[in-house]
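Trainee: curious how this folds, go ahead:
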Amino acid sequence: MAKIDKKLLEILVCPVSKKSLVLSEETNELICEESGLAYPIRDGIPVMLPEEARKI
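Mentor: So this is what the prediction gives:
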């Protein structure tokens, strides 16, 4: 599992809700509670496209 830079995590927001994200190390995703979406992290790069996100 690739690590994500903490500074990057601080500035990234959900493109749908514009709210902050929480890193889930179990699923290797960035979670947005507000929009109910989980964005995948592939090769250490967050994929911040709503169409790529999983509904939670």
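
Trainee: C-alpha from now on. contacts and neighbour counts both.
Mentor: Will do.

Trainee: what is the spatially closest residue to residue 52 that is not a sequence neighbour paired to in the beta sheet?
Mentor: Leaving aside its sequence neighbours, residue 52 sits nearest to residue 39 (CA to CA, 6 or more residues apart in numbering; 6.9 Å). Beta-bridge partners recorded for residue 39 (DSSP bridges): residue 30.

Trainee: any idea how far residue 19 is from residue 39?
Mentor: The gap separating residue 39 from residue 19 is 13 Å, by CA to CA, to the nearest Å.

Trainee: surely the residue nearest to residue 52 is in contact with residue 45?
Mentor: No: counting by CA atoms under 8 Å, residue 39 stays clear of residue 45, with 10.4 Å between them.

Trainee: of these two, who's got more company?
Mentor: Set residue 39 next to residue 45 and count neighbours by other CA atoms under 10 Å: residue 39 wins out with 25 against 12.

Trainee: what's the span of stretch 7-23, first residue to last?
Mentor: First-to-last residue span, stretch 7-23, CA to CA: 12 Å.

Trainee: can you list the residues that contact that stretch?
Mentor: Here stretch 7-23 makes contact (CA atoms under 8 Å, 6 or more residues apart in numbering) with 29-35, 48-50.

Trainee: out of those, who's nearest residue 3?
Mentor: residue 29 (10.9 Å; CA to CA).

Trainee: who touches the closest one in this structure?
Mentor: Contacts of residue 29 (CA under 8 Å, 6+ apart): 23, 38-41, 46.

Trainee: residue 35 - nearest residue in space that isn't next to it in sequence?
Mentor: Spatially, and ignoring its direct neighbours in sequence, residue 35 is nearest to residue 17 (5.8 Å; CA to CA, 6+ apart).

Trainee: could you say which helix or strand holds the one you found?
Mentor: Assigned by DSSP states H and E, residue 17 falls within no helix or strand.
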